[in-house]
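**Q** Just the structure for this:
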Amino acid sequence: MRRLPADVSRLPVRVRLAAEIAALEPRDRQVLALCLLEELTPVEAAGTLRVTAAEVERTLAETLARLAAATAAPRVRRHSRRAA
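**A** Numbering: from 1, shown residues only. Have a look, this model is predicted:
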């Protein structure tokens, strides 16, 4: 997976997600498309891609985790105020 420029983090989440998906390996994009857009089961997607269902499930889980991490909003640190 290609690294995106740091400036991408300041874009709206929809734009960041599109950029992250475009940067995925072709096989990872295919798994996403078959399972999420075409609504195939892992077994059906595996038959289409000629891989095992376990590989489809693993790829889907890893890819979704990467996309979630890449598009997560930065955590805001709250400073605790101590009473004097």
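**Q** Just the strands from this protein, written as ranges.
**A** Under the criterion DSSP state E, the chain carries no strands.
**Q** do you know how far residue 24 is from residue 10?
**A** 21 Å (CB to CB, to the nearest Å). All C-beta spots, glycine's among them, are computed from the backbone N, C-alpha and C.
**Q** So for the two, which sits in the more crowded spot?
**A** Neighbour comparison, residue 24 and residue 10: the larger count goes to residue 24, with 17 against 9 (by other CB atoms under 10 Å).
**Q** and that one, what pLDDT?
**A** Note for residue 24: predicted pLDDT of 95.
**Q** That one touches residue 60, doesn't it?
**A** No - using CB atoms under 8 Å, residue 24 is not in contact with residue 60; the gap is 11.7 Å.
**Q** any common contacting residues for these two?
**A** By the contact definition CB atoms under 8 Å, 6 or more residues apart in numbering, residue 24 and residue 60 are jointly contacted by residue 32.
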